[in-house]
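Colleague: Mind looking at a prediction? Sequence and model below.
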Amino acid sequence: MNDVKELTENKSIWLLYVLAGILTTIVFYYQWLIGTVLAVVLAVIVYFTYRTETLNKQRTENYISTLSYRVKKVGEEALLNMPFGILLFNEENQIEWANPFINDFFDPEQSLIGESLEDLSESLEVAVKDGDEEKWITLGDKRFQAIIKSEERLIYLFDRTEQIELQNQYDNERAVLGVIFLDNYEELTQAMDDTSKSHLNSEVTSILNNWSNDYGIYLKRTSQERFIAVMNKEILTHLEKSKFEILDEVRELISDQNVPLTLSIGIGRGSSDLPELGDLAQSSLDLALGRGGDQVAIKDETGRVKFYGGKTNPMEKRTRVRARVISHALRELVRESEKVLIMGHQTPDMDSIGSSIGILKLAQQNGKKGYVVFDPDGVNTGVQRLMDRIGENESLSEWFITPDDSLDIVTKDTLIVVVDTHKPSMVMEERLLNKTEHIVVIDHHRRGEEFIEQPTLVYMEPYASSTAELVTELLEYQDGPLKLDVLEATSLLAGITVDTKSFTLRTGSRTFDAASYLRSKGADTVLVQNLLKEDLDVYVRRSELVKNATVYREGVAIAKGLEGEDYGAIIIAQAADTLLTMSNVKASFVIAKRQDGKIGVSARSLGEINVQVIMEKMNGGGHLTNAATQLEDTTLEQVEEQLRGIIEEYFEGGDES
């Protein structure tokens, strides 16, 4: 624009000079003397104008020439000395040129020119082939942000090492809050004299203080059984690497004194809001205690939870006082409700059916109608035998309804009792949970991340043998004499028998007390055995799985089903139980394709190996000695490979989930 303007102005000046020359000629024609003077003046003006323009043009050309040189020089300097890397590569992804910045990260005698991008960074070459515009890579001990210009075959590499280190430093210094709880402390110290109690407190406090000093944790005791621990994320990382060995230290020391005391720790992290951090820590502790204690639960602000520990079978911590309190609370909820709907988990087993019948009798004992939500599809042989017996008993069978029927009769004043599970995705009819605000959960499994929202009453005891055992105790504390017919009592006893493998696993004194109570109410042990009998073809199918078992490592047996063969969930579980009876087998895992198309994994243990945390890493769950999972969109080989990797990690790195 300036050049055009200047050109226009120059034309105007010379036009004026032409007009002035014409006027001078006219004057010279009439007055030659005056015309001569004007001509001389005009010539002088034209001369100086021309000279000035010539000088200006020369200065402009010199300036432009100098500026072009400087711009070129600066461009070269910038290209060579920019504080970030520049790479040019060809169509074969070979480096054609690199600026000195990126060369400084390699051997000075080594030239990058001609090298492949794969030699520089395999992930960078993959990003280029995939058409990514950005990729983070590591060169030596540095972290780079790579900006990829595919069309120009150009890559910019920005050193973000200091930025990442600063971010890591910030993250490592973020506050982490922990709540430490002494499991079973109150019950253990009730019978102790002052000297023994003081000695126990001294031992536990000494262990925890030494532990906190070693890791730089601020520890404050807030009550006889509770401590507050304040740390940062870096300290928590070290604790996770050690797999929280403090759990083992306390357990081993106290075990030497024959005192079954363990620790549970709830940790909240990730939030900058301290009240929220406290809520996360308390919520984590509740999870750890709900899973039986003797473990650590870590929850962040997104709700993700990690578990460590849980190596021992939970102690039998419940008292009859708690059972009586829960029984009375449930009685009041039943009496205040319009009706009671009871449901267990999908593909019900003996424990689910037996405990449902127990709650049905509790509702009837308190003058309320109760209904058991039951889907007849997909039941195993043993449960089908029980359901056939129930079908012959009109006074009992009339209270069994389908999930669709339950949706028709539920109201906002209905009490829903969920037994033998606490996961909404596993209940018989999940839609029922949204129909009322009155929900009770009774379960004996360790609490997982998925849990029914805002239940009115929760009775979870992971040390109990079965939900049928818990329900039997609740029935004992109901008002008035309880009438159970033979089939009802037998159903509850069958639930206990199945879950304890005929009273050989996970049994406590309370288990036998519950069985004795049911026997006094007419439970038929012969009928239990008849219900648990299996068909010959089921036995053969289970034997096929057992036959394919191999010992993966000392004490761990893994069996895999045949390709193209479908197995029932019960057969897979029974095969795992059978493997556990073999000599030198401490834990068993059975992998097979289920009839619903999923790959099922059943895991069993004698208690030394925690199969629950192994299954939780495969999106499953269960007990320390009894767990399972189901996986979709995968193969038997892939599941086996994944399982072997998790088992290796379990043995090499400790017990983490």
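Modeller: Nice, I can see it. Numbering: from 1, shown residues only.

Colleague: Mark out where each domain of the protein begins and ends.
Modeller: Using automatic domain parsing, the domains assigned to the chain come out as 2-80, 85-164, 176-309, 320-531, 537-653.

Colleague: Output the below-cut-off pLDDT ranges for the chain.
Modeller: 1-12, 14, 17, 61-82, 104-110, 254-258, 310-321, 378, 653-657 (pLDDT under 70).

Colleague: Quick one: the strands in the stretch 1-150 of the chain, in order.
Modeller: Along the stretch 1-150 of the chain, counting by DSSP state E, counting those that start in this stretch, strands occupy 85-89, 95-98, 134-139, 142-149.

Colleague: Tell me which of those strands sits most buried.
Modeller: strand 85-89 (a mean of 19; mean count of other C-beta atoms under 10 Å). (Each C-beta comes from the backbone N, C-alpha and C, glycine too.)

Colleague: partner strands of it, parallel or antiparallel?
Modeller: Based on DSSP bridges, the pairing partners of strand 85-89 within the sheet are strand 95-98 (antiparallel), strand 154-159 (antiparallel).

Colleague: Put together TSV for these, with distance to Ser202 on each row.
Modeller: Shown next, in TSV, are those (distance: least, C-beta to C-beta, whole Å):
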stretch	distance to Ser202
strand 95-98	66
strand 154-159	54
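
Colleague: out of the domains of the chain, nearest to Tyr170?
Modeller: Ranking the domains of the chain by their distance to Tyr170 (criterion: C-beta to C-beta) puts domain 176-309 first, at 9.5 Å.

Colleague: got the CA positions of stretch 542-561 in PDB?
Modeller: The C-alpha atoms that make up stretch 542-561 are tabulated as PDB, following Å, rounded to 0.1, in the frame of the first residue of the first chain:
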ATOM      1  CA  ARG A 542     -17.000 -82.200  36.200                       C
ATOM      2  CA  SER A 543     -14.400 -85.000  35.900                       C
ATOM      3  CA  GLU A 544     -13.500 -83.800  32.400                       C
ATOM      4  CA  LEU A 545     -12.500 -80.400  33.800                       C
ATOM      5  CA  VAL A 546     -10.600 -82.000  36.700                       C
ATOM      6  CA  LYS A 547      -8.800 -84.300  34.300                       C
ATOM      7  CA  ASN A 548      -7.400 -81.200  32.400                       C
ATOM      8  CA  ALA A 549      -5.900 -79.700  35.500                       C
ATOM      9  CA  THR A 550      -2.200 -78.800  35.700                       C
ATOM     10  CA  VAL A 551      -0.200 -77.500  38.700                       C
ATOM     11  CA  TYR A 552       0.900 -74.000  37.700                       C
ATOM     12  CA  ARG A 553       3.100 -73.400  40.600                       C
ATOM     13  CA  GLU A 554       3.500 -75.000  44.100                       C
ATOM     14  CA  GLY A 555       0.000 -75.400  45.500                       C
ATOM     15  CA  VAL A 556      -1.900 -73.700  42.600                       C
ATOM     16  CA  ALA A 557      -4.000 -75.900  40.300                       C
ATOM     17  CA  ILE A 558      -5.500 -74.500  37.100                       C
ATOM     18  CA  ALA A 559      -8.000 -76.400  34.900                       C
ATOM     19  CA  LYS A 560      -9.300 -75.300  31.500                       C
ATOM     20  CA  GLY A 561     -12.400 -76.500  29.700                       C
END
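
Colleague: in the chain, which residue is closest to the centre?
Modeller: Nearest to the centroid of the C-alpha atoms of the chain, with distances taken as C-alpha atoms, centre = their mean, sits Arg304, at 4.6 Å.

Colleague: what residues are up against it?
Modeller: Applying C-beta atoms under 8 Å, 6 or more residues apart in numbering, one finds that Arg304 lies in contact with Glu449.

Colleague: Which residues are in contact with Pro479?
Modeller: Not Pro; residue 479 is Asp. By C-beta under 8 Å, 6+ apart, Asp479 lies in contact with 331, 365-366.

Colleague: residue ranges of the helices in the stretch 251-400 of the chain, please?
Modeller: With DSSP state H, counting those that start in this stretch as the criterion, the stretch 251-400 of the chain has helices at 274-290, 320-336, 350-365, 381-392, 394-397.

Colleague: Thanks a lot, see you next time.
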